Each structure stands twice: as structure tokens, then as C-alpha cells.
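In: Take this sequence and fold it.
(chains A and B)
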Amino acid sequence: MSTTLDRPTSAVDPTRDGALNEKTKAERRLGWYLAGPAFVVMLLVTAYPIVQAVFDSLFDYRLTDPENSSFVGLGNYGVILTDPVWWTSFGVTAFITVVTVAVELVLGFGLALVMLNALRGLRPVLRTVILIPYAVITVVSAFAWQFAFSVDSGFVNSWFSWIPGVTAETDWLGTQGLSLFVICLAEIWKTTPFISLLLLAGLAQVPDVLQEAAKVDGATWFQRLRRVTLPNMKAAIMVAVLFRTLDAFRVFDSVFVMTAGANSTETVSFLAYRQTIERVEIGLGSAVSVLLFLSVVLISALFIKGFKVDLSQARGE
Amino acid sequence: MSTREKVGWGIGGLIIIVYCLFPVAWIISLSFKSSDDISNGQFLPTAFSGENYEQILVGDAAGLFLPALVNSFGICLIATFISCLLSMFAAYAIARLDFPGKKLILSTALAVAIFPVISIVTPLFNLWRQIGLYNTWPGLIIPYLSLTLPISIWTLSAFFREIPWEMEQAAQVDGATPWQAFRKVIVPLAAPGVFTTAIIAFFLAWNDFVYGISLTSTEAARPVPAALGLFSGASQFESPNGPIAAAAVIVTIPVVLLVLLFQRRIVAGLTNGAVKG
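Out: As a prediction, this is how the structure comes out:
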């Protein structure tokens, strides 16, 4: 699928004698002419804002009071990192990330196995319905789950009243624990299909020969899963986990819709939003944004160095 | 496979179908409940009512919902178009030409794709206010490119690698320049891939909430997800849940239609770009 790159793209080897002939030069120029605009736009919409955010974060700057803006160095970071509000939101974000990614990985693997093994006639149906949670807007999914659990318009309390502790008056979005449960549920529903499609693509790469050989050697289903299937799709699993981890770490929509950060369910993204947009504390908000950005960089570095995730896999090279 | 295994996987398949459709079915059902029926504690309405749809399409809430729908369609289509155009050229260069910096472009796309959106919002909120882009269409289209462009470059590069490039070489042998070969031979061959990329990019833009809620303040530019998010606070009805459900159903219909029509392509597009095939 991705071997085209290995083919020589021009009749002339560009490295020959170290000299570039006209055709190679023209090709390089054309390459940058074509790819340049996209590259520049990407930098403009991300690199520029983050640099600006780093700069803004060094000032005590409130939008409604621009006259009194003053340079405070790393003061904003000091304020944030010593404030329990930051650590609560960081903890909540980490909790949502770990729980959703772990559940999604197991659930997504199950879905991928079913899609792989389902009858031929059922497969296209499954591949179609699995895209629906992916395509439904996160805000809509959050509302659907919120309304299902809500006291006044939901059905969950009446359906599950047989569970001890659940009554018609159970307020799922009234305490931290239950709110996080519902938020995680909505996130898991919405994003598991994406993981399962990545895992399905990974499953398809496991050579059938290996499976057959293990079967002949008398390996049980579970042994084959552990010793043949999983090691052979490690790359696909790690890429899926990395993507979802970073995606989960910026969780915002569901929290905004379901609790608006009440009952200590505020996430880091939500904290940055509240500081910047609601309180117009540009300096503090920027510092939170920069800290969130650094967390994402740190997670990526951890995955790439620590778990040796090969991102060239992710680029289809 | 034994019959027992077949039945087992079949049941697994049914569970997936229920899993995927249940919340969607619920929001549709809720959207047909009248305001007295909304707290009946049941999944289905006691009697079907079109009251909620009336409210958001012609009633009190129409002023909030309909402009948002227009904004969403306009902004998302323009952002999708721009990023498809830019990434078409970029992906062609990546898949086809030999030039230094190819890896840099793909790594940048990856980095942009995992960028925390809120970190972009903070500085833009300030800048947009200063230069007058706050609460305008361009003020959303530009940041939306950070969502749509990386996935477009990725997906399209993966698609472009599978195109039979011999045809381009044949055209060049016949005297076409690289530019002519690109325009006359490759563009028609690449159209399906571009189309799929456009759908996936559109999904991402359509799904945006962070930019929409942070960079707009009125119906002049506010997209649907942001309008939905503010609905509960802004309306004076007893419970806004019914109208929200109806609006949610309406914005879900286009994406579900796209999924049903182009399922196979979307799956290929999503996984091609992400996992080595």
C-alpha cells in the first residue's frame, strides 16, 4: 500500500556525484512550491499562537484592564502551580484520560475482533454503524448521555432502579464521582469506534500463517492472542493509544455540556477556557494553555522514547 | 468456523449495532416528546409530537438555531475546501516528488493534529479582537484549518501513494510537463481520494466546539455545536431538552447520510493515514 515511495521517483539518481542536475533541482523546487503553502499555513495557525501564548503568559494582563498590564516573568506559572484548582483539573483530566483510553482499548479490541470474524454479510453493516458514533458531534453525544441520566428527562433512573442506591431522584451529575462516570461513558461511546478501526487494520496485518502454525502446535485461543496476535500488532496498538491519549487529554466538549466544570469536574482545557474567555485573564489563561501544551509534548515524548512508538508507522511510510 | 462460533460472532455483531445506534435512537425518541411528556421516565414518548422541531425551525428558538446552521455549513465547507486544495498540492509533492523536507512536513502535520486546541484559542481570542476577526466567518475558518489541514495532508498522501503513477510517466514521455501531467492525468485519478479526505475534514470541522464557543459571541458566526451548548442557558422554556434534542437530530442527519453513502471510503481514509497497510 505504501511502497510507492521506495520506487525511484526520477530517472536520475540525485545523489550521483553529489551534483544536482537541472531536472532534480526543478523537482525540488516544484516540491516546495506545491507543499509550501500547506506547510506555512500549518505553522501560522499553530506555531504562531503558541509563541504568542508563551509571550502573553509572562504578563499580568486582563483584557478589561489593559492599562495595568505588567511583566511578571514566570509569576503566572507560580500562581497556577501552587493553586489547588490547577491540580484538581489536572487530576480530573488524567483520570478521564486513563479510564477512557484503558476501557476503549479493551472494548475497541473486542469490536475489532467481532468485525474481523463476523459473517460476510454482516461486515459492511458493522463497518457502517461503527462510523456513526465517530461522526456524531461530541456535543450531541454529550447531550444524549446527559439527558439519558438526567432526573427530569432521563430513563436511566427508572430502568436501573433495581440497582441498590439508584432511585428516581439519583442525580448523576450532582457529585464528582457520578459526573465523571457519565462523562467517561459519553467519551468512550464516541471514540471507541475510531480505536477499533485502527485495531482492525492492525489485526488484518497479523500473518495468517503464524495463526495457523500456532493452532497446529496446539495453542489455545488465549495463548494465540497473547503470543501471536498482540505482539504482531503492537505498532497499531501503540499508535491508537498515543492518539487517543492526546485526544482524551484535551477533553472539553463533554465537560462543558454536562457539568460546566461543577462538582470538581473541571479539566485543564476547561480551566484555560474559563480563565481566558470568561474571566478575560489573558496572562493566566495563556499560562494554563502553555502548561497544557507542555503536558501534551511530554506525553508524546514519553510514548515515543519510552514505549518506542514508531511514528513513521503512523505516517503510512 | 463451527456453527456455535458463527452464532457467537453474530451476537457480537448485534451488540455492536445496538451499542452504536442506542444513543442516537434515544436522542431521536427524545426529540419527539412533547414538553409534558419529557419527564415520563421512559425511553419512548407516550405520544409522538413535532412540537420540538416546530420550536427550533419556526418557533422561539429558530432565531438561535437556523443562523447557526447556516454558519456551520458555510464555515465548514469553506475550511474543508481550502484545506483540500492546499493538501492536494502538498500530498502530490509528498507522494510523488523527491525533495528535502518531506519528513518535516509530515511531522509538522502530525504535531498540529495532536495540538491542544485550547492553546490556540487563548492567543487568537486576544488577536482576533484587536484586528476585527472576532465573531466573523474568517475568524473561524482560519483556526479550523488547524483541524482540517493535518488530517487532509495525511489521508491524501496515503491515497496518492496508491495511484498508478505509470500513467503520469506515460504522459510525460508523450511530452507533458510535470504540471500538465499533474493536472490532466492525476487529478481525475485522485478525485475519489480527495472526496474522501473532504468528508473526513468536514467531520472534524463540523464537530468543533472549542473554537466555536470561544471565538464567537452572536449568531453572526456562531456554529451549531456552540449554539447547542448555549441553548440551555439562553432560552426561557421550562426544559430546553426537547428542542436541543431536535436540533441535535437535525445536525446529525448530514453526517449520518455521508457515513451511509461513503462508508467504505471513510474507513479506508481513516486507517490508511494512521496505520501502515
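
In: what's residue 63 in contact with, if anything?
Out: In the absence of a named chain, this looks at chain A. A:280, A:281, A:282, B:126, B:129 (Cβ atoms under 8 Å, 6 or more residues apart in numbering or on different chains). Any C-beta I mention is one placed from the backbone N, CA and C, and that applies to glycine too.

In: oops, chain B please
Out: With Cβ under 8 Å, 6+ apart, residue B:63 has these contacts: residue B:219.

In: Distance of it relative to chain A?
Out: Distance, residue B:63 to chain A, using Cβ to the nearest Cβ, to the nearest Å: 20 Å.

In: So, low pLDDT: which residues of chain A?
Out: For chain A, the stretches flagged by pLDDT under 70 are A:1-20, A:308-317.

In: Can you give me the buried ones in stretch B:14-24?
Out: Neighbour-count burial for stretch B:14-24, counted by 16 or more other Cβ atoms under 10 Å in any protein chain shown, picks out B:16, B:17, B:19, B:20, B:23, B:24.

In: Can I get the residues you listed in TSV including secondary structure and distance to residue A:174?
Out: Shown next, in TSV, are these (DSSP: H, G, I helix; E, B strand; the rest coil; distance: Cβ to Cβ, whole Å):
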residue	secondary structure	distance to residue A:174
B:16	helix	32
B:17	helix	33
B:19	helix	27
B:20	helix	29
B:23	helix	21
B:24	helix	26
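
In: Looks like residue B:152 contacts residue B:82 (just checking).
Out: No. Residue B:152 is beyond contact range of residue B:82, at 9.6 Å (criterion: Cβ atoms under 8 Å).

In: Check which helix or strand residue A:189 maps to.
Out: If you go by DSSP states H and E, residue A:189 is part of helix A:176-203.

In: So which elements touch the very next helix or strand once past that helix?
Out: Using DSSP H and E, the helix or strand that follows helix A:176-203 in sequence is helix A:208-216. Helices and strands touching helix A:208-216, by 3 or more Cβ pairs under 8 Å, 6 or more residues apart in numbering or on different chains; DSSP states H and E, are helix A:221-224.

In: who's in contact with the helix it packs on?
Out: The contact list for helix A:221-224 (Cβ under 8 Å, 6+ apart) reads A:211, A:214, A:215.

In: list the contacts for the first one?
Out: Just to be clear, that refers to residue A:211. A:224, A:228, A:229.

In: And the helices in chain B, which stretches?
Out: Assigned helices in chain B, in chain order: B:3-31, B:51-57, B:62-96, B:102-113, B:117-131, B:137-160, B:166-173, B:178-180, B:187-207, B:210-214, B:224-234, B:241-272 (criterion: DSSP state H).

In: quick one: buried residues of the third one?
Out: By neighbour count with 16+ other Cβ under 10 Å, helix B:62-96 contains the buried residues B:64-69, B:71-73, B:75-76, B:78-80, B:82-84, B:86-96.

In: Residue of the stretch 1-150 of chain B nearest chain A, please.
Out: Residue nearest to chain A within the stretch 1-150 of chain B: residue B:99 (3.0 Å; Cβ to the nearest Cβ).

In: mind listing what that residue touches?
Out: Here residue B:99 is in contact with A:27, A:28, A:30, A:31, A:32, A:35, B:93 (Cβ under 8 Å, 6+ apart).

In: ok, and the most crowded of those residues?
Out: Highest neighbour count within the contacts of residue B:99, by other Cβ atoms under 10 Å in any protein chain shown: residue B:93, with 28 neighbours.

In: Tell me, what's the model's pLDDT at that residue?
Out: With respect to pLDDT, residue B:93 scores 88.

In: Nice, that's everything, thank you.
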